[in-house]
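>>> what shape does this take:
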Amino acid sequence: MSLKRSHAAGVRTSFTSSGDSSGKLGRQELYDELKKLAQSGQVFAPVDIALAIGAGEALVSRSLLGLAAEGYLEKVDTGKYRATPFAEIPQAEFIKALARASKIDSTRQRDLSEIARLKQNNDVMRTKLLAMIAERDHYLAVLKQHGIDPGPVPAPPAPAAGAATSPASETTPTPPGEGGGGDNT
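I've put the predicted structure just below:
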């Protein structure tokens, strides 16, 4: 083994031995660090907390992801969090939330983050729709103010002719006059 590899292995072992080998996360240290970060309002990554409390980054990352899914942390970006919702949480509630968060598997966490992303997208689309409705109402009011009739409300487009018929009509229609069995007498 090369000197570089043995040195890196020694550093890695000494760094992660405090948190990953036992599989435990210091709840009190995590709580105190999150409280401190909540008061400062700064954005942080799991590695920041892992270094501050001496735990394994993977374990801290899973815990933070679970706490974000529970609503105790705000997920700002991929791998970035803000602890502002954490400022008012008592320690007993935090311990219960951490226990629930540690029971959530990675598939559930992915699903929860996907749901949060879809909710955010839904909020953006709702805002755009409301803006378009307000713009439409504004233009209709201007037209009416100037005595211009905007006309009837447009009807939604009719479904395609073959889409709402029976399965027997799904075959290719024969153009009129080419012997489709129609009334050509």
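
>>> nearest residue to residue 116 in space, please, no chain neighbours.
Among residues not flanking residue 116 along the chain, residue 75 sits closest, at 7.2 Å (C-beta to C-beta, 6 or more residues apart in numbering). All C-beta spots, glycine's among them, are computed from the backbone N, C-alpha and C.

>>> quick check, the one you found in contact with residue 112.
No: if you go by C-beta atoms under 8 Å, residue 75 and residue 112 don't touch, sitting 10.1 Å apart.

>>> shared neighbours of the two, anything?
Residues touching both residue 75 and residue 112 (C-beta atoms under 8 Å, 6 or more residues apart in numbering): none.

>>> re earlier: residues contacting the residue nearest to residue 116?
68, 81, 113, 116.

>>> quick one: which helix or strand includes the last one?
Under the assignment given by DSSP states H and E, the secondary-structure element containing residue 116 is helix 106-145.

>>> so what's the residue count around residue 86?
21 (other C-beta atoms under 10 Å).

>>> give me phi/psi at residue 83?
The phi and psi values for residue 83, taken as degrees, to the nearest 10, are phi -100, psi 20.

>>> equivalent analysis for residue 81, please.
phi -130, psi 160.

>>> just the pLDDT at it, thanks.
In this model, residue 81 is scored at 86, pLDDT.

>>> ok, and the closest non-adjacent residue to it?
residue 73 (4.8 Å).

>>> ok, now which ones touch the one you found?
Residue 73 sits next to 34, 64, 67, 81, 82, 83, 85, 86 when contact means C-beta under 8 Å, 6+ apart.

>>> buried ones in the helix or strand harbouring the second one?
Using DSSP H and E, residue 64 falls within helix 57-70. Neighbour counts over helix 57-70 (16 or more other C-beta atoms under 10 Å) mark 57, 59-70 as buried.

>>> let me see the domain layout of this protein.
12-104, 105-150 (automatic domain parsing).

>>> just for the chain, where's the confidence low?
Residue ranges of the chain with pLDDT under 70: 1-24, 104-106, 161-185.

>>> repeat that with 90
1-117, 149-185 (pLDDT under 90).

>>> give me the residue at the spatial middle of it.
residue 117 (2.2 Å; C-alpha atoms, centre = their mean).

>>> residue 154 versus that residue, what's the distance?
Applying C-beta to C-beta, to the nearest Å, the value for residue 117 to residue 154 is 33 Å.

>>> same check, this time on residue 30
57 Å.

>>> cool, residue 81 as well?
Taking C-beta to C-beta, one finds residue 81 at 47 Å from residue 154.
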